[in-house]
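Engineer: Take a look and give me a structure for this.
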Amino acid sequence: MGSVLLWNKWRSVDARWAGLTLFVGGIGNLSNIIDELMESGTIQADAEWARVIFLGYETCSLLYHYGLPYAYINFCLDYTKFFGNRMKRVISYGLAIPLLILLGTTPIYPMLQFNYLLLSLWAGCTLLPGSALLVYCYLKEVHPFVKKERLQLLFCLPIVIWVLFADYILFTNGEQLKWIYMDIIKWLFLITLFFLAAKYGIMGVKLRFKQQNLNHTLHTVSSATQMMNHCMKTEISIISMCVNNICNHPAAKNLDIQENVALIMKATDHLLAMMARLRDQSEDIKLNLQAHRISVLADKAIQVMTPYFSQQQITLSRNYSCDAVMLCDNVQVHEVLVNLFSNAVEAMKSGGKLYIEIYRLKGGVTLSVRDTGVGIPERHFGFIVSPFFTTKDRKTNFGLGLSYVYKVMQAHNGSMEILSKEGKGTAVLLHFPKRKLLDLDRKVSLFGREFANDKPAARR
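Structural biologist: Next comes the predicted model:
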């Protein structure tokens, strides 16, 4: 699992530290296996390669006992985003100092010898504060979907406490926990970890399996669609021109001919319009970056969709706990928001509530669009950003909406996160990075006010 995280999510700092934590934990289990094989006599002490294996055991044990606490505390710092980037670097570099001192003072020849008292202090001063930070951020989280994700991560805390007790504290008095329940607990943890990763995803691994070829797929779709679009547009334009010539011919005064010609013209116009939409949403995103206020972009998209909200009797709630001026392409972001609002309207049919929130995270600003619609079935969740996947009417939908949103956010060096529960609703989180922000306004705008058809409504 650690190797998968490191391979697929190397650019994500918190996922990278999570991968290193799991990887180093796996190295620790490997050292235990080697130790058991040597003690059971499976590996003979006089074998030529026994010294090499013993050296591997000592290396794995050294990396595990010193590396696991350091990787874990760095993961907690990056995942919770409790501290700013500068403070995180200070803490990380500061903790590296005692780590290097411990490594430098640990005898490794002719045999590795740990000072388990210092080692227990090192583990306790990293594993416990990191775990407390995870619990604190879970309790303080207000977004229901993010809170659920953090709750899933808290399932791993018991094994962290168990590791601190069994692999560090017990060794302080020269004791070692060697009983069958140790292996049972480790296997239960491993099974739980893979279950969570398969069912819900851990640090985006589940979604990453689906996204691994998404960029290549989008590029292939874009190239093929543009070529097909060009060929079909040429042929349809010829048909349209010929029909127009027939319509203007003196012999085409017959009423039946005119009606049929009108139908053909209507069909060709519709095809050309649909192909234009297909082209716009499948071609490479080219940004025209300018300074725009994120709340203004959201309000303009809301204004466009207001008639649809009114028609479907949808109540709108806007909560802008912060605002920011950022470098973005206002046309592309506007299209993204209209896409998301349209999806929300279709998901809620008649009635329902749409929540639009803007709030600050340590890594930037997030714009959240959350509805109370039907939600996304779990069987569809791995395909929702795939090109041409749609559960809507295929006559008018290409299934490119969310893949287009994904491409626009990638072009802005941001990210899109989709959280959904069938029967409860869907939330799409647009994360804009801090480096795109020019100005951040902490003042609360429209906080706690609800809107029905874009008019203030009394809170119940």
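Engineer: For residue 326, name its beta-bridge partners.
Structural biologist: For residue 326, the beta-bridge assignment (DSSP bridges) gives partners residue 292, residue 437.
Engineer: Need the pLDDT of it.
Structural biologist: On pLDDT, residue 326 comes in at 88.
Engineer: name the helices or strands packed onto the strand or helix carrying residue 117?
Structural biologist: In the assignment (DSSP states H and E), residue 117 maps to helix 116-140. Contact analysis of helix 116-140 by 3 or more Cβ pairs under 8 Å, 6 or more residues apart in numbering; DSSP states H and E lists helix 50-80, helix 85-105, helix 144-154, helix 157-164, helix 170-172 as its packing neighbours. C-beta coordinates here come from the backbone N, C-alpha and C atoms, glycine included.
Engineer: ok, and what's touching stretch 129-149?
Structural biologist: 72-73, 75-77, 79-80, 82, 150-151, 153-154, 157, 160-161, 200, 368, 419, 421, 427 (Cβ atoms under 8 Å, 6 or more residues apart in numbering).
Engineer: switch to 7 Å and redo it
Structural biologist: Under the criterion Cβ atoms under 7 Å, 6 or more residues apart in numbering, residues 72-73, 76, 80, 82, 150-151, 153-154, 157, 160, 419, 427 lie in contact with stretch 129-149.
Engineer: Buried residues in stretch 30-39, which are they?
Structural biologist: Using 16 or more other Cβ atoms under 10 Å as the test for burial, stretch 30-39 gives 30, 31, 32, 34, 35, 38.
Engineer: from what I can see the fifth one touches residue 56, true?
Structural biologist: Spelled out, it's residue 35. No - using Cβ atoms under 7 Å, residue 35 is not in contact with residue 56; the gap is 11.0 Å.
Engineer: ok so, going back, for the record, mean pLDDT for the helix holding residue 117?
Structural biologist: The model assigns helix 116-140 a mean pLDDT of 88.
Engineer: wait, which of the buried residues of stretch 30-39 is closest to residue 329?
Structural biologist: residue 30 (49.1 Å; Cβ to Cβ).
Engineer: so what's the closest one up against?
Structural biologist: Residues near residue 30 by Cβ under 7 Å, 6+ apart: residue 60.
Engineer: any idea of the pLDDT on it?
Structural biologist: pLDDT, residue 30: 75.
Engineer: Residue 300 too?
Structural biologist: Reading off the model, residue 300 has pLDDT 90.
Engineer: Okay, buried residues for the helix or strand harbouring it please.
Structural biologist: Element membership for residue 300 (DSSP H and E) is helix 294-311. Going by neighbour count (16+ other Cβ under 10 Å), the buried part of helix 294-311 is 294, 295, 297, 298, 299, 300, 301, 302, 305, 306, 309.
Engineer: Equivalent analysis for stretch 85-100, please.
Structural biologist: Buried, per 16+ other Cβ under 10 Å, within stretch 85-100: 88, 95, 98.
Engineer: wait, isn't the second one in contact with residue 71?
Structural biologist: No - in this structure, residue 95 is not within contact of residue 71 by Cβ under 7 Å, at 10.7 Å.
Engineer: can you tell me how far residue 360 sits from residue 324?
Structural biologist: In this view, residue 360 and residue 324 are 8 Å apart by Cβ to Cβ, to the nearest Å.
Engineer: Compare those two and say which is more crowded by neighbours.
Structural biologist: residue 324 (23 against 17; other Cβ atoms under 10 Å).
Engineer: where are the low-confidence patches of the stretch 151-300 of the chain?
Structural biologist: 171-238, 240-243, 247, 249-258, 260-261, 263, 267-268, 270-285 (pLDDT under 70).
Engineer: domains for the protein, by residue range?
Structural biologist: For the chain, the structural domains run 2-209, 214-282, 290-457, going by automatic domain parsing.
Engineer: now the helix holding residue 117 and helix 144-154, what's the angle there?
Structural biologist: Here helix 116-140 points in a direction 160 degrees away from that of helix 144-154 (axes from the mean of the first three to the mean of the last three Cα atoms, to 10 degrees).
Engineer: Flag every buried residue along helix 116-140.
Structural biologist: Neighbour-count burial for helix 116-140, counted by 16+ other Cβ under 10 Å, picks out 116, 119-120, 122-123, 126-127, 130-131, 133-134, 137-138.
Engineer: Quick check: residue 53 touching residue 34?
Structural biologist: Yes - contact criterion Cβ under 7 Å: residue 53 and residue 34 qualify, at 6.2 Å.
Engineer: Pick the one among the buried residues of stretch 30-39 closest to residue 403.
Structural biologist: Nearest to residue 403 out of the buried residues of stretch 30-39 is residue 30 (Cβ to Cβ; 40.7 Å).
Engineer: Let me have the helices and strands packed on helix 116-140 in CSV, extended by distance to residue 434.
Structural biologist: Below are the helices and strands packed on helix 116-140 laid out as CSV (distance: least, Cβ to Cβ, whole Å):
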stretch, distance to residue 434
helix 50-80, 14
helix 85-105, 8
helix 144-154, 18
helix 157-164, 29
helix 170-172, 43
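Engineer: so which of the ones you listed is the most packed in?
Structural biologist: helix 50-80 (a mean of 20; mean count of other Cβ atoms under 10 Å).
Engineer: Give me the packing partners of that one, helices and strands only.
Structural biologist: Helices and strands touching helix 50-80, by 3 or more Cβ pairs under 7 Å, 6 or more residues apart in numbering; DSSP states H and E, are helix 13-39, helix 85-105, helix 116-140.
Engineer: CA atoms only for the shortest one - export them in PDB, please.
Structural biologist: Extracted in PDB, the C-alpha atoms of helix 85-105 (Å, rounded to 0.1, in the frame of the first residue of the first chain):
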ATOM      1  CA  ASN A  85       3.700  25.900   5.400                       C
ATOM      2  CA  ARG A  86       6.500  27.900   7.100                       C
ATOM      3  CA  MET A  87       5.700  26.500  10.500                       C
ATOM      4  CA  LYS A  88       5.400  22.900   9.100                       C
ATOM      5  CA  ARG A  89       8.900  23.300   7.700                       C
ATOM      6  CA  VAL A  90      10.300  24.600  11.000                       C
ATOM      7  CA  ILE A  91       8.700  21.600  12.900                       C
ATOM      8  CA  SER A  92       9.900  19.100  10.300                       C
ATOM      9  CA  TYR A  93      13.400  20.400  10.200                       C
ATOM     10  CA  GLY A  94      13.500  20.800  13.900                       C
ATOM     11  CA  LEU A  95      12.500  17.100  14.500                       C
ATOM     12  CA  ALA A  96      15.200  16.000  12.000                       C
ATOM     13  CA  ILE A  97      17.800  17.200  14.500                       C
ATOM     14  CA  PRO A  98      17.100  14.700  17.300                       C
ATOM     15  CA  LEU A  99      16.600  12.100  14.600                       C
ATOM     16  CA  LEU A 100      20.100  12.600  13.300                       C
ATOM     17  CA  ILE A 101      21.500  12.700  16.900                       C
ATOM     18  CA  LEU A 102      19.900   9.400  17.700                       C
ATOM     19  CA  LEU A 103      21.200   7.900  14.400                       C
ATOM     20  CA  GLY A 104      24.700   9.200  15.100                       C
ATOM     21  CA  THR A 105      24.800   7.800  18.700                       C
END
